[in-house]
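Participant: Next one to model:
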Amino acid sequence: MAQADSTNLNRILVIDDNPAIHDDFRKILQGGRDEFALEAAEAAIFGESVSSLEKNVYEVDSAYQGEEGLRKVLSAIESGRPYGLAFVDMRMPPGWDGIQTIQKIWSVAPSLNVVICTAFTDYTWPEIIDQLGISDRMLILKKPFDNCEVAQLAATLTKRTMLEAENKAYRKRLEDRVEEQSVSLTKTAGLLSQSKEFLQSTLDALTTQVAIIDSRGIILALNAAWESTAPGGSPLASGECVVGANYLTICKSVPEPFRQQVAPLVQHLEAIIANQKDSLFREYKDVTKPSGSHWYTVRAARFHDADETRIVVSHDNVTEYKQLQAQLAQAQKLESIGQIAAGIAHEINSPMQYIGDNIECLQEWAESYFQIRSGDTEPSRVESLQEKIRASLEDCKDGYQRVTGITQAMKQFSHPGKNQKESTDINELVRSAATITRNRWKYVADLTLDLGDRPLHLTCNIAGVNQVLLNLIVNASDAIAEKYGDNPEHKGTLQIRTIDHADVVEIQIADSGAGIPATWLGRVFDPFFTTKDVGKGTGQGLTICYDVVVNVHHGELSVESEPGQGTVFTVLLPKQPVEEPEIEFFQESTSQPFEEVEPAFAEACQWGDTEDLIG
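Facilitator: Numbers count the residues shown, from 1 in each chain. So this is what the prediction gives:
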C-alpha cells in the first residue's frame, strides 16, 4: 500500500445515484478551477504568488452506488491518493443505502470524513446514531442543501483531513526518531554494560587489591583480590572494608599504636579528595604475619566521574619483588667482590713478598752481627752491615704501610650496610674506592684524583655510596680497556673529581674509554641492560647506582658520553638527608607491626669483615 500524501487529500468522492447531484457538486466545488488556472498562469508570467484559491480547488470523483464507492475508496488507498471527504446519499436503490455504504467504507478507511446527504423523510438522527455510532467524522447535510454550506463543509473537512495526515506523519517521524534513539540507547547501554563487565573482570584478574571511594570516603567498589581473605593481603584492606563502608573511618579507627602512623595516609587521601594533592605512593612493611615480613605499596589517585570525585586506592603485595631486588643486589655485591678480590690479593702480595725477603736477609745479617760481636772485625764491615739492616727495615716499613693502606681502604669500603645515614668525608670514600680497585685500572689508565685539600663532609649511607663509587670506577676501567687493551705503552685516563656546592656534593668520574652510543644512553640505568659481552656482568651495576643515588639519597645521577671519546658520570648527593615524603606513616620499630621499608640494597650491600675477606 502506497503512503498517503497530504497534498492529495483535496480529493472528494461523491456517492449518489442521481447524476444531477454529481453535476451540482462539481459546479460548487470545481467552479473556480478555470479562474485559478488563469490566475496561476498570470502569476507565473509576472512572478507573483498564487492566491489562496489553491486551497479550495478540489478533485471530485463520482460513484453512483455504494459498492462502486467502496471500490474507489480501496483503489485510492492502494494508489496512495486517498480521499479527504465523501458525500454519501442516504438512499441509492437498488444497492446499499447510505448507512450500509458508510459502514463498509469505514471498515477499510476509518478516518475518512463523511457527510450524509439526507432528506427529512429518511432516517432520523437517533436511527443514524444507532447504526453508525457517535463519530466526529460524520456530519448531516439536509436536502436541499445550500451551495455555501457545501463549500464550507468541503473546505473544513478536507483541511481537517490534511492536518490529521500531517500530524500523523509528524508523529510517525517522532516515533521513528524515538525508536532510533531507543535502539541507540539500548546499544549504548549494552556497550556500557559490557564495558563495566570488562572493567570489573580486568580488576578482578589483578592480584593488586583495588577499591574505589567517593568524596566522602565511601567504598563504591572492590575487586576480587580486595574481597578475598587469602593470606598475603594488606593489613589496610581488611574484611571491614566492604561496599558502603567508609574507608577513611576504618583507617581512622585502627587500634593504637597504629592510629598515629595511619593518620598521614588519611590526611593525604583527604587532600587528594579536596584537590590539594594529585596522588599518593608509598611502601610499607607488615611484620605481624606468621609467614614472615611482607612488603606492600599503597597508591591513590583521583579522577572525575561526571561531577563526582572518585579515588582509586590500591594495595599491592611486593614481597617477592623486594626479595628479588635483594637477591639481585647480593649478586651485584658478589660480582663486585669477584672483580676486586684478585686485584687486592695481588696488591697485598707484592709488599708482603719483599717484607718476607727482607726478613730472611735480616735473619742472615743478624747471625753475621752476632759473629762480629764475638770476635775482632774491621769497623767498615760493621758499618756496612748496619746500613743493610737499616735499608731492609725501611723496606719492611714501606711494605707494612702499603698493606695497612689497603686494609684500611677495605675496612672503609666494608662499612656495614646500615639503613641509617652517617656523616663521612666523601674524599676518603673516593680514595678508598680508588685503592681497592687499583688492580683494575693501573694497567689500562693513569688515575687523577682532584679532591681538594680539605675534607668534604656529607651525611649518607656509606655502604651504598661505596658501592656506587666501586661500580663506576670498575665500569670506567672496563671501558678504557675495551678501547686501549692491556698495552702499558698506550694507557687511557681516569679522572675522579669532587666539587663542593652549597647544598650538594658533586662527584665526576670521567674516562677516555670507548664511550656509549647515543641510542643506549637512555637505557644504561635499566635493569639487566649491559654493553658487556655475555657472561660479563649482571646488568645490575648502574641500576643499583641509580637506586642508591636517586631513591635512597634523593640525589641525581647523569651520564654524558661521546662514542670513541669517553664517558662522564656525574653524581649529586645532598649534604644533609632530604626529608622523606610526608606519607611516612609506618616507622620502623620492633614493637610495632608496621615499619617503613628502605630500599633493599642496604641489607644486601653489606660486606664481610676485612679479616674474612683477605684471610
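Participant: what's the spacing between Pro235 and Lys491?
Facilitator: 58 Å (CB to CB, to the nearest Å). (C-beta placed from N, C-alpha, C; glycine too.)
Participant: CA atoms only: put stretch 116-132 into CSV for me.
Facilitator: Output in CSV follows, covering the C-alpha atoms of stretch 116-132 (Å, rounded to 0.1, in the frame of the first residue of the first chain):
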residue,chain,number,x,y,z
ILE,A,116,-24.6,12.2,4.9
CYS,A,117,-26.9,13.8,2.4
THR,A,118,-30.4,13.0,3.6
ALA,A,119,-34.0,14.3,3.3
PHE,A,120,-36.4,14.8,6.2
THR,A,121,-38.2,11.6,5.2
ASP,A,122,-35.0,9.5,5.5
TYR,A,123,-33.5,8.1,8.7
THR,A,124,-33.9,10.1,11.9
TRP,A,125,-30.7,11.2,13.8
PRO,A,126,-31.2,8.6,16.6
GLU,A,127,-31.6,5.9,13.9
ILE,A,128,-28.4,7.0,12.3
ILE,A,129,-26.5,7.0,15.6
ASP,A,130,-27.9,3.6,16.4
GLN,A,131,-26.5,2.2,13.1
LEU,A,132,-23.2,4.1,12.9
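Participant: What average pLDDT does that stretch get?
Facilitator: Per-residue pLDDT values across stretch 116-132 average out to 81.
Participant: Where does Ala300 fall, secondary structure wise?
Facilitator: strand 294-305 (DSSP states H and E).
Participant: export the helix or strand that that strand is followed by as PDB, just CAs?
Facilitator: Note on strand 294-305: by DSSP H and E, the next helix or strand toward the C-terminus is strand 308-317. What follows is strand 308-317 as a C-alpha-only set of coordinates in PDB (Å, rounded to 0.1, in the frame of the first residue of the first chain):
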ATOM      1  CA  GLU A 308      31.700  13.500  41.200                       C
ATOM      2  CA  THR A 309      35.200  12.900  42.500                       C
ATOM      3  CA  ARG A 310      36.400   9.300  42.700                       C
ATOM      4  CA  ILE A 311      39.600   8.000  44.300                       C
ATOM      5  CA  VAL A 312      41.200   4.700  43.300                       C
ATOM      6  CA  VAL A 313      43.100   3.200  46.300                       C
ATOM      7  CA  SER A 314      45.200   0.100  45.700                       C
ATOM      8  CA  HIS A 315      47.500  -2.100  47.900                       C
ATOM      9  CA  ASP A 316      49.900  -4.400  46.200                       C
ATOM     10  CA  ASN A 317      52.000  -7.200  47.800                       C
END
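Participant: Can you check what angle separates the strand holding Ala300 from strand 308-317?
Facilitator: Taking axes from the mean of the first three to the mean of the last three CA atoms, to 10 degrees, one finds that strand 294-305 is oriented at 160 degrees with respect to strand 308-317.
Participant: How far away from the center of its chain is strand 294-305?
Facilitator: 12 Å (CA atoms, centre = their mean, to the nearest Å).
Participant: what about the helices in the stretch 401-550 of the chain?
Facilitator: Using DSSP state H, counting those that start in this stretch, the helices found in the stretch 401-550 of the chain span residues 426-436, 438-441, 462-484, 518-521, 541-546.
Participant: Adding mean neighbour count, write these out as JSON lines.
Facilitator: What follows is the helices of the stretch 401-550 of the chain, written out as JSON lines (neighbours: other CB atoms under 10 Å):
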{"stretch": "helix 426-436", "mean neighbour count": "22"}
{"stretch": "helix 438-441", "mean neighbour count": "21"}
{"stretch": "helix 462-484", "mean neighbour count": "24"}
{"stretch": "helix 518-521", "mean neighbour count": "12"}
{"stretch": "helix 541-546", "mean neighbour count": "23"}
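Participant: Output the ones you listed in CSV, with distance to Leu157 appended to each entry.
Facilitator: Listed next are the helices of the stretch 401-550 of the chain as CSV, based on distance: least, CB to CB, whole Å:
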stretch, distance to Leu157
helix 426-436, 106
helix 438-441, 111
helix 462-484, 100
helix 518-521, 87
helix 541-546, 92
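Participant: between the ones you listed, which one is nearest to Lys172?
Facilitator: Lys172 lies closest, by CB to CB, to one member of those: helix 518-521, at 66.4 Å.
Participant: could you dump that closest one to PDB, C-alpha only?
Facilitator: Output of helix 518-521 as PDB, limited to C-alpha atoms (Å, rounded to 0.1, in the frame of the first residue of the first chain):
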ATOM      1  CA  ALA A 518      73.600   7.700  21.900                       C
ATOM      2  CA  THR A 519      70.900   5.100  21.300                       C
ATOM      3  CA  TRP A 520      71.900   3.400  24.500                       C
ATOM      4  CA  LEU A 521      72.300   6.400  26.800                       C
END
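Participant: pLDDT of that helix, averaged?
Facilitator: On average, helix 518-521 scores 80.
Participant: gap between Leu191 and Glu240?
Facilitator: 35 Å.
Participant: what's the answer for Phe303, then?
Facilitator: Counting by CB to CB, the gap from Phe303 to Glu240 is 25 Å.
Participant: Likewise for Ile509?
Facilitator: Counting by CB to CB, the gap from Ile509 to Glu240 is 53 Å.
Participant: With neighbour numbers in mind, choose between these two.
Facilitator: Between Ile509 and Glu240, counting by other CB atoms under 10 Å, Ile509 is the more crowded of the two (23 against 11).
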